[in-house]
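A.B. asks: requesting a structural model of the entry that follows:
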Amino acid sequence: MKAASFFFLAILLPASNSDDSLPNHVHLLMPHSGHAPPEINCLSWRLAVETDNVRDWDVVPEACEDYVGRYMLGNQYRDDCNAVGDAALGYAASLKLAGDHKDMWVFDIDETALSNLPYYARSDVAFGAKRYNRTKFGEWIQARKAPAVPAVLSLYNQLISLGFRIAFLTGSSELYRESRVFNLKNAGYHSWEKLIFKSIAERGTKSVVFKSKKRKELEEGGYRILGNMGDQWSDLIGSNVGNRTFKLPDPMYYVS
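C.D. replies: Model prediction:
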């Protein structure tokens, strides 16, 4: 997975060997920024988010916007994704597959297979410090420009070579299928067994309920979910979660 350490945001940021310069680069993308007041420790807040101790939050605390931006654009986010990918590959390579084409790995899409970081770095989104705008995000999806998360694309390719069947399970609307198919393939995800979206009727269903139902349907169809990867806890809890789950970092938004 180390080969994937060169992150897609090289298109946004000049090369640097030190995180010391990153705040200035963040400020170029985000002209306004702030520093956390004494009453909030943004590193502790991010830890609480990743461990699901802080739940159902709507926006990144304003005081942590700059911190989240520096984390997402910096080396630590790349390293954290690589660590998750390394652990997942080590587990996958240790398995003996049945050879009947039913051993499956489930991936979420947003902030898992594909990154929306170029969108979240915009000043009107502010790394999640601005409230979610469904219309603007839909326009971003339709632009079909989301790059792959390198650690996940590398894992995907190695899972394919090991013989896993791949399912992409997303809370995105079925209305975006064409755009998402194009974007996934353009980013390097060339094939899959299943690509599952929310129907119009399921739009109001909570993610944990929706994804549990769809994973159950996969297993009822004879597939064995050996691995399950996502950036939200709602991707990884509920029923039929698979033999092992792997969570990628995401302090920019929360999906229940």
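
A.B. asks: contact partners for the residue nearest the centre of the chain?
C.D. replies: By Cα atoms, centre = their mean, the chain has its centre lying nearest to residue 111, at 2.0 Å. Applying Cβ atoms under 8 Å, 6 or more residues apart in numbering, one finds that residue 111 lies in contact with 149, 231, 232, 248, 250, 252. Quick note: C-beta positions are derived from backbone N, CA and C, even for glycine.

A.B. asks: now it: how far from residue 216?
C.D. replies: Distance of residue 111 to residue 216, computed by Cβ to Cβ, to the nearest Å: 24 Å.

A.B. asks: please enumerate the strands of the chain.
C.D. replies: 103-107, 165-173, 194-198, 224-230, 244-247 (DSSP state E).

A.B. asks: out of these, which comes closest to residue 45?
C.D. replies: Evaluated over the strands of the chain, closeness to residue 45 peaks at strand 244-247, with 17.0 Å, by Cβ to Cβ.

A.B. asks: quick one: pLDDT of residue 45?
C.D. replies: pLDDT for residue 45: 97.

A.B. asks: correct me if wrong: it contacts residue 61.
C.D. replies: Yes: applying Cβ atoms under 8 Å as the test, residue 45 and residue 61 come out as touching, 6.5 Å apart.

A.B. asks: if you count surrounding residues, which of the two has more?
C.D. replies: residue 45 (21 against 17; other Cβ atoms under 10 Å).

A.B. asks: the more buried one: what's it in contact with?
C.D. replies: Counted by Cβ under 8 Å, 6+ apart, residue 45 has contacts 54, 61, 64, 251.

A.B. asks: widest-spaced pair of those residues?
C.D. replies: 54 and 64 (11.5 Å).

A.B. asks: so between the two, which is more surrounded?
C.D. replies: Legend: neighbour count by other Cβ under 10 Å for residue 54 and residue 64, higher for residue 64 (25 against 15).

A.B. asks: the more buried one is in contact with residue 40, isn't it?
C.D. replies: Yes: using Cβ under 8 Å, residue 64 is in contact with residue 40, at 6.9 Å.

A.B. asks: can you show me the helices along the stretch 51-200 of the chain?
C.D. replies: 65-73, 75-93, 117-120, 134-143, 150-162, 177-187 (DSSP state H, counting those that start in this stretch).

A.B. asks: out of those, which is the most enclosed?
C.D. replies: helix 65-73 (a mean of 24; mean count of other Cβ atoms under 10 Å).

A.B. asks: that helix packs against which elements?
C.D. replies: Under the contact definition 3 or more Cβ pairs under 8 Å, 6 or more residues apart in numbering; DSSP states H and E, helix 65-73 sits against helix 22-29, helix 42-50, helix 117-120.

A.B. asks: and those, which one's lowest on average pLDDT?
C.D. replies: Mean pLDDT per stretch puts helix 22-29 lowest among the helices and strands packed on helix 65-73, at a mean of 45.

A.B. asks: in the stretch 51-200 of the chain, where is pLDDT below threshold?
C.D. replies: Applying pLDDT under 70 to the stretch 51-200 of the chain flags no residue at all.

A.B. asks: and the end-to-end length of stretch 116-124?
C.D. replies: Chord length of stretch 116-124, first to last residue, is 14 Å (Cα to Cα, to the nearest Å).
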